[in-house]
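Trainee: sequence and computational prediction follow.
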Amino acid sequence: MAYTPELSQIYSGALRRLAWALKMPMTKALEEVFDHISKVIDAKKVCEACRDTRFCNDCPFNHRGDC
C-alpha cells in the first residue's frame, strides 16, 4: 500500500462531496482528480522534479513521454 497523507477536514469533506457527485468511492474520486490535474499541469515540470523514477510507466503525468 502506498503512503497516504491525512487530509484536513476541509479537503476530506470536499473529496467526500466530489465522490458523492461522481457516484464513486473517495479513493476513485481522488484518482479522477489526479487524472484531470495531469492534463492541466505541465507534466515536464513534474517529471523534471521527480525523485522516484521507478513508476514512470504508470505515472499519470507521463502521458506525453516527458519522463
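Mentor: Sure thing, it's come through. Numbering: from 1, shown residues only.
Trainee: avg pLDDT for the particular helix or strand that has A19 in it?
Mentor: Assigned by DSSP states H and E, A19 belongs to helix 9-22. In this model, helix 9-22 carries a mean pLDDT of 96.
Trainee: C-terminal to that helix, what's the next element?
Mentor: Next along from helix 9-22, by DSSP H and E: helix 26-40.
Trainee: tell me which residues in that next one are buried?
Mentor: M26, A29, L30, S38 (16 or more other Cβ atoms under 10 Å). To be clear about C-beta, it is placed using only N, CA and C from the backbone, and glycine gets the same treatment.
Trainee: let me see the contact set for the residue nearest to the second one when sequence neighbours are not counted.
Mentor: If the residues on either side of it in the chain are set aside, A29 comes closest to A19, at 3.8 Å by Cβ to Cβ, 6 or more residues apart in numbering. Remark: with contacts taken as Cβ atoms under 8 Å, 6 or more residues apart in numbering, A19 is in contact with P25, M26, K28, A29.
Trainee: return the distance of A19 relative to Q9.
Mentor: Separation of A19 from Q9 (Cβ to Cβ, to the nearest Å): 15 Å.
Trainee: test my guess that A43 contacts F61.
Mentor: Yes. Using Cβ atoms under 8 Å, A43 makes contact with F61 at a distance of 4.3 Å.
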